[in-house]
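**Q** dropping a prediction and its sequence here:
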Amino acid sequence: MSYVGSVQVIPDLAHEGHTGFMISDLDYCLQNANWLVQAKPDMILIYAGEMEFFEGTPPEEIIDSLRGLLTSIYQKLPESTEVIVAQSYPAREDIHVYWDQNLPLINDFVAGYNALIPGVAEEFRAAGKHVSYVDLQNTIQSPDEYNESGGVPNLVASERIAEVWFEKIMEILGQ
């Protein structure tokens, strides 16, 4: 198994993860940077939307961006390409948009977005695409499992998150 992408870590271990990118940034790059054509992935894991949460983007707008990203992927790759979209893990309960106590809580946006992901996966499956999702909503089990910012899981929670991804990948490979 090889991990592919434009960010090379070591041979056969690369990725296309870009911290700080919004879904629209990823979509722009997929359309203009030739990532997918060069990498030719058989499976794509998507954890995206977090930057939009912190800016207070309505969940319906975030999900529309996700639809656009998935559409761009399948314009460049075969329908048989497996795409797994993650429902987001929540932020710490006291985190607000732009870290401003006068603005809404981040998790209100996370919950709305997560609720829409199964429907988007089903839309693409109904169109013959191989889109599924993983539920990361309960992978962080206490406020102590975040870094200082309250938005990033620590190692213990990250291992739990990796296990959810792994189980889904093995399920797909076992089909």
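**A** That came in fine, so what should we check first? Numbering: from 1, shown residues only.
**Q** buried ones in stretch 37-45?
**A** For stretch 37-45, the buried set under the neighbour-count rule, 16 or more other CB atoms under 10 Å, comprises 39, 41-45. Backbone N, C-alpha and C define where each C-beta goes, glycine included.
**Q** residues contacting the residue lying farthest from the centre of the chain?
**A** Distance from the C-alpha centroid of the chain peaks at residue 102, with 27.5 Å (CA atoms, centre = their mean). Contact analysis of residue 102 by CB atoms under 8 Å, 6 or more residues apart in numbering lists residue 96.
**Q** helix, strand or coil for it?
**A** Three-state assignment for residue 102 (DSSP: H, G, I helix; E, B strand; the rest coil): coil.
**Q** now do the closest residue to residue 87 other than its chain neighbours: how many residues are near it, please.
**A** Nearest residue to residue 87, sequence neighbours excluded (CB to CB, 6 or more residues apart in numbering): residue 114, at 4.1 Å. When neighbours are counted by other CB atoms under 10 Å, residue 114 registers 22.
**Q** how about residue 29?
**A** Residues lying near residue 29 (other CB under 10 Å) number 17.
**Q** tell me the spacing between it and residue 35.
**A** Distance from residue 29 to residue 35, counting by CB to CB, to the nearest Å: 6 Å.
**Q** is it true that residue 118 touches residue 135?
**A** No. Applying CB atoms under 8 Å, one finds residue 118 not in contact with residue 135, separated by 9.1 Å.
**Q** next, the residue positioned nearest the centre of the chain: phi, psi?
**A** In the chain, the residue lying closest to the centroid (CA atoms, centre = their mean) is residue 47, at 1.3 Å. Backbone geometry at residue 47, expressed as degrees, to the nearest 10, gives phi -120, psi 100.
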